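**Q** missing the sequence, but the structure's below:
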């Protein structure tokens, strides 16, 4: 929360990397950022209802439970951009932002269930959610939070229609359906702001899949209804009930049904090669694993970083070590199944770990109108961490992505403000050999000296430790800082024997 130009996804919008800009999609207000807050300007026509919501028991209950981002009236004396006579709201920044296309299936389910839970509570209290998109959810560590207070409006007590129902189906339910039955990656939702249409899913399904009970309602029947309504082109009066209690009952039943559908299609128990890597890695004996964990634990305790980035986090052994030491952790991995394991542990132990399904070699691009609605992964991460972990990652970048060592060094230097823990995997390592694939002339000669040469432009080596399996652990300090590598507080760490 210390970068004055970091992005936000309140209303699904962010700012350009060169500075805060107002949102443009929400007709009821706009959004700006400061170093520590998100400031929302409320238009005059929406101010009265917004103030009513802020004064409501619903708002108080949702904030107390942690389901809704805290909100206060902004002080114009504190924030120069806030004008007298206008209604401005102040929210704390949740940082970093993770977009839906960087979530695991479990996060999609958690965000969907939060949306439905909040919608249900709102209906009980005489309110409704007019928006139900994943872009109104931000993860604070492993927990989802609703961040758009303008999504709440007073409801007609006799109405049996949840206006955001279709949006919820398109943006939450159908992407999970497509992921489960069609293997469409959730990451592809970056190209679909308003989600999938039922007809798109219907056309891609096999005939026998279209009659599955799970898909009949939201895909097959919905597609037939779309076609029928398209021919009639008639407007219909919104359904309502004379009895407000009956209307509330109908709405709650509809929301409960959506919850069941989400649980059926959200497959959160997948396995992959990397989700069981820690247990199956034959080139890592128990002693080597213990030594590696002790090295990382000792360095983190001595450095005392407030924010840690774990690149290639896998199931999060080292993310948890950093979180146990009190750091806020961002864990990146391209394997969603591996990150699911970390998410479960972080939630169980209430650790401040935010996961991002992403490949650091092919980072999530900027998206939306003029590439300014959602910022790229690197825009959200650059220069924001006291310590970066890059353990057993460099050989992936060299051999699988063909990234030169100098470029890897430059990336690391852009991400950390001071410390870098690096694991060097030599060409003799079984994993290196497995991925070498006949390219010995290109990469078979690489050595620790080559690594040191590439990184010396940006870092000095502070500590070195050799594992029994031949891998090397290095602690590096970012330049500037002189050639005397010291820990926070001035304590020097001597190199371990090779």
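**A** Structure received. Computed from a predicted model, the values in this text were never measured in an experiment.
**Q** give me phi/psi at residue 402?
**A** Dihedral pair for residue 402: phi 60, psi 50, per degrees, to the nearest 10.
**Q** outside of stretch 189-202, which residues touch it?
**A** For stretch 189-202, contacts defined as C-beta atoms under 8 Å, 6 or more residues apart in numbering pick out 12, 99-101, 133-135, 167, 169-172, 174-175, 177-178, 182, 210, 215, 218-220, 222-223, 226-227, 364-365, 367-368, 374. Placement of C-beta: from N, CA and C, glycine included.
**Q** what about the residue nearest to residue 287 when sequence neighbours are not counted, neighbour count?
**A** Nearest non-adjacent residue to residue 287, counting by C-beta to C-beta, 6 or more residues apart in numbering: residue 468, 6.1 Å away. Using other C-beta atoms under 10 Å, the number of residues around residue 468 comes to 10.
**Q** re earlier: what about the contacts of stretch 189-202, which are in strands?
**A** Secondary structure from DSSP state E places none of these in strands.
**Q** just the buried residues from those residues, in ChimeraX please.
**A** To isolate the buried ones among the contacts of stretch 189-202 in ChimeraX, judged by 16 or more other C-beta atoms under 10 Å, type:
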select :12,99,100,101,133,134,135,167,169,170,171,172,174,175,177,178,210,215,218,219,220,222,223,364,367,368,374
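**Q** next, give phi and psi for residue 437.
**A** Dihedral angles (degrees, to the nearest 10) for residue 437: phi 50, psi 50.
**Q** who's in contact with the residue nearest to it when sequence neighbours are not counted?
**A** Distances taken as C-beta to C-beta, 6+ apart place residue 399 nearest to residue 437, at 7.7 Å, with adjacent residues excluded. Residue 399 makes contact with 432, 435-437, 439, 443, according to C-beta under 8 Å, 6+ apart.
**Q** can you give me the helices in the stretch 151-300 of the chain?
**A** Secondary structure of the stretch 151-300 of the chain (DSSP state H, counting those that start in this stretch): helices at 165-168, 174-182, 198-204, 207-210, 213-215, 222-232, 244-265, 277-280, 286-303.
**Q** so which of those helices is the most packed in?
**A** Stretch with highest mean neighbour count among the helices of the stretch 151-300 of the chain: helix 174-182 (a mean of 21; mean count of other C-beta atoms under 10 Å).
**Q** show me what that one packs onto, helices and strands only.
**A** Applying 3 or more C-beta pairs under 8 Å, 6 or more residues apart in numbering; DSSP states H and E, one finds that helix 174-182 contacts helix 105-124, helix 198-204, helix 213-215, helix 244-265.
**Q** any idea which of those helices gets closest to residue 413?
**A** Among those, helix 105-124 comes nearest to residue 413, with 30.2 Å by C-beta to C-beta.
**Q** what is the subsequent helix or strand relative to that closest one?
**A** strand 127-129 (DSSP states H and E).
**Q** each with direction, which strands does that next one pair with?
**A** strand 152-154 (antiparallel) (DSSP bridges).
**Q** ok, and what's touching the partner strand?
**A** 49, 52-53, 58-59, 122, 126-130.
**Q** reformat the residues you listed as TSV; add distance to residue 338 and neighbour count.
**A** Listed next are the contacts of strand 152-154 as TSV, based on distance: C-beta to C-beta, whole Å; neighbours: other C-beta atoms under 10 Å:
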residue	distance to residue 338	neighbour count
49	44	16
52	45	14
53	40	20
58	38	20
59	37	20
122	36	25
126	44	14
127	39	22
128	38	21
129	33	27
130	37	17
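**Q** which among these gets closest to residue 323?
**A** Closest to residue 323 out of the contacts of strand 152-154 is residue 59 (30.5 Å), distances taken as C-beta to C-beta.
**Q** ok, now which ones touch the closest residue to that closest one other than its chain neighbours?
**A** Closest residue to residue 59 in three dimensions, ignoring its sequence neighbours and counting by C-beta to C-beta, 6+ apart: residue 53, at 5.6 Å. Counting by C-beta under 8 Å, 6+ apart, residue 53 touches 59, 127, 149, 152-153.
**Q** phi, psi of residue 53?
**A** According to degrees, to the nearest 10, residue 53 has phi -70, psi -40.
**Q** ok, now how distant is it from residue 151?
**A** For residue 53, the distance to residue 151 (C-beta to C-beta, to the nearest Å) stands at 10 Å.
**Q** before we move on, what about residue 473?
**A** As judged by C-beta to C-beta, residue 473 and residue 151 stand 47 Å apart.
**Q** which one of the two has more residues nearby?
**A** residue 151 (25 against 20).
**Q** re the thing from before, show me which of the contacts of residue 53 has the smallest pLDDT value.
**A** Comparing pLDDT over the contacts of residue 53, the lowest score belongs to residue 149 (91).
**Q** residues in contact with that residue?
**A** With contact set as C-beta under 8 Å, 6+ apart, residue 149 has these partners: 40, 50, 53-54, 59, 68-69, 71, 89.
**Q** for the closest residue to residue 263 other than its chain neighbours, the count of nearby residues, please.
**A** Excluding the flanking residues, the one nearest residue 263 by C-beta to C-beta, 6+ apart is residue 109, at 7.3 Å. For residue 109, the neighbour count with other C-beta under 10 Å is 21.
**Q** which SS state does the nearest residue to residue 385 once chain neighbours are set aside fall under?
**A** With sequence-adjacent residues excluded and distances taken as C-beta to C-beta, 6+ apart, residue 385 is closest to residue 309, at 4.3 Å. Of the three states, residue 309 takes strand according to DSSP: H, G, I helix; E, B strand; the rest coil.
**Q** correct me if wrong: residue 309 contacts residue 383.
**A** No. Counting by C-beta atoms under 8 Å, residue 309 stays clear of residue 383, with 10.7 Å between them.
**Q** the two: which is more packed in?
**A** The residue with more neighbours, out of residue 309 and residue 383, is residue 309; 28 against 11, by other C-beta under 10 Å.
**Q** what domains does the record give for this protein?
**A** 136-265, 277-478 (automatic domain parsing).
**Q** nearest to residue 36, out of the ones you listed?
**A** Nearest of those to residue 36, taken as C-beta to C-beta: domain 277-478 at 13.7 Å.
**Q** name the element residue 51 belongs to?
**A** Per DSSP H and E: helix 44-54 holds residue 51.
**Q** for that helix, buried residues please.
**A** In helix 44-54, counting by 16+ other C-beta under 10 Å, buried: 46, 49-50, 53-54.
**Q** what's the distance between the most centrally placed residue in the chain and residue 134?
**A** With distances taken as C-alpha atoms, centre = their mean, residue 98 lies nearest the centre of the chain, 2.6 Å away. Residue 98 sits 10 Å away from residue 134, going by C-beta to C-beta.
**Q** do the same with residue 109
**A** 11 Å.
**Q** and for residue 420?
**A** Counting by C-beta to C-beta - residue 420 and residue 134 are separated by 33 Å.
**Q** same thing with residue 315?
**A** Using C-beta to C-beta, residue 315 is found at 25 Å from residue 134.
**Q** got it, and residue 372?
**A** Residue 372 is 19 Å from residue 134, where distance means C-beta to C-beta.
**Q** likewise for residue 120?
**A** For residue 120, the distance to residue 134 - C-beta to C-beta - is 18 Å.
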